[in-house]
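*Asks:* Give me the fold of what follows.
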Amino acid sequence: MVLDKEAGILREVDILVKYRYAGHEFSFIVECRDRSRSETVEWIDGLIGKSKSLAVNKVIAVSSKGFATAAVTKAAENGIETLTLEEAEESDWTDFPFKPGLVILTDDVYRIQNVLYEINGSYRQLSELGTESNVLINDEIAGDVRGLVEYFFKEHLAPKIDQYKKDHLLEIFKTKEDVGKTLLIESEHNFNGIVVQNEQGDMIELNKLKFIVTGQRQTSDVPQKHQKFKDKIISTGEHLDKDGTILKFNIIQDPESGKIHGRWHRKKGDDCA
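*Replies:* Residues are numbered from 1 along each chain as shown. The predicted structure is shown next:
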């Protein structure tokens, strides 16, 4: 039985493995199936939904008849390892302990997918009003609909999203696989005194807008070497940046405090910064 962190209840799994590594507690689950055909993506979908809130570090799926190609791909994209029964029997299970990883990611590139406006208690496409339609603030023309959307997004919404992502980074990106996924943001904003005059001359008051935005980033894995020293995990790695400099990382996991301590510096030739 494993704790479901979101539901606050215990969930049943096939196999639960707990172990200590360099003073830290880790665990992974093994879910198994013995059927007459290879497992499809539907079983993997079920494991993703079931395991995303379980208090474990890793999920391994074992099938006596193997997996369909789509199932293997979907599992890998969501951090689930797939093994046939023969592979599971032949595997050295001491290779499975969780070790810290390091990923470098760029700032997100945001794209506005849609903007909706509220009218009579429901949302409609803002584009229906015409992107070139005049926007009036306090009865004076202040630009057009396109300009309003672009200005508000650039000056207010994008910085707000960046700050939220910074403050909740580990909640948004719970796993390495999450880091590479597209963010989907829905954000509602109240407006006062803003009116759109459409092509027919009608005056429509904008009381609330809903922005639907996606965010994508580039990621780079940093190869690391792990070793134990005085019951601590010490990880070191290097990354060649686009400008030709080398980023060097040193990470120490302290089992007593449960904290991770990291240092990095940038090196170019014999110069360090």
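
*Asks:* buried residues in stretch 210-223?
*Replies:* For stretch 210-223, the neighbour count (16 or more other C-beta atoms under 10 Å) marks 211, 213, 215, 222 as buried. C-beta coordinates here come from the backbone N, C-alpha and C atoms, glycine included.

*Asks:* Between those residues, which sits nearest Met1?
*Replies:* Val222 (35.9 Å; C-beta to C-beta).

*Asks:* show me the contacts for that closest one.
*Replies:* Residues near Val222 by C-beta atoms under 8 Å, 6 or more residues apart in numbering: 102-104, 237-239, 247, 249.

*Asks:* do the same with Phe191
*Replies:* Counting by C-beta under 8 Å, 6+ apart, Phe191 makes contact with 206-209.

*Asks:* Just the buried residues of these.
*Replies:* Here, 16+ other C-beta under 10 Å leaves 206, 209 buried among those.

*Asks:* Pick the one among the contacts of Phe191 closest to Ile112.
*Replies:* Distances from Ile112 to the contacts of Phe191, taken by C-beta to C-beta, are shortest for Leu209, at 11.1 Å.

*Asks:* which SS state does the closest one fall under?
*Replies:* What DSSP: H, G, I helix; E, B strand; the rest coil gives for Leu209 is strand.

*Asks:* The closest residue to Ala88 other than its chain neighbours bridge partners, please.
*Replies:* Leaving aside its sequence neighbours, Ala88 sits nearest to Val62 (C-beta to C-beta, 6 or more residues apart in numbering; 4.7 Å). The partner list for Val62 in beta bridges (DSSP bridges) reads Cys32, Leu83.

*Asks:* My guess is Val62 contacts Cys32. True?
*Replies:* Yes: when contacts are counted by C-beta atoms under 8 Å, Val62 is listed as touching Cys32 (4.7 Å).

*Asks:* who has more neighbours, the two?
*Replies:* More neighbours surround Val62 than the other of Val62 and Cys32, with 22 against 15 (other C-beta atoms under 10 Å).

*Asks:* how far away is Asp241 from Leu209?
*Replies:* 39 Å (C-beta to C-beta, to the nearest Å).

*Asks:* Show me where the stretch 51-200 of the chain has its strands.
*Replies:* Per DSSP state E, counting those that start in this stretch, the stretch 51-200 of the chain carries strands over the ranges 58-63, 80-84, 103-105, 109-119, 122-125, 134-137, 140-144, 183-190, 194-197.

*Asks:* excluding its backbone neighbours, what's nearest the spatially most central residue of the chain?
*Replies:* What sits nearest the mean C-alpha location of the chain, by C-alpha atoms, centre = their mean, is Asp178, with 3.1 Å. Nearest residue to Asp178, sequence neighbours excluded (C-beta to C-beta, 6+ apart): Ile172, at 7.0 Å.
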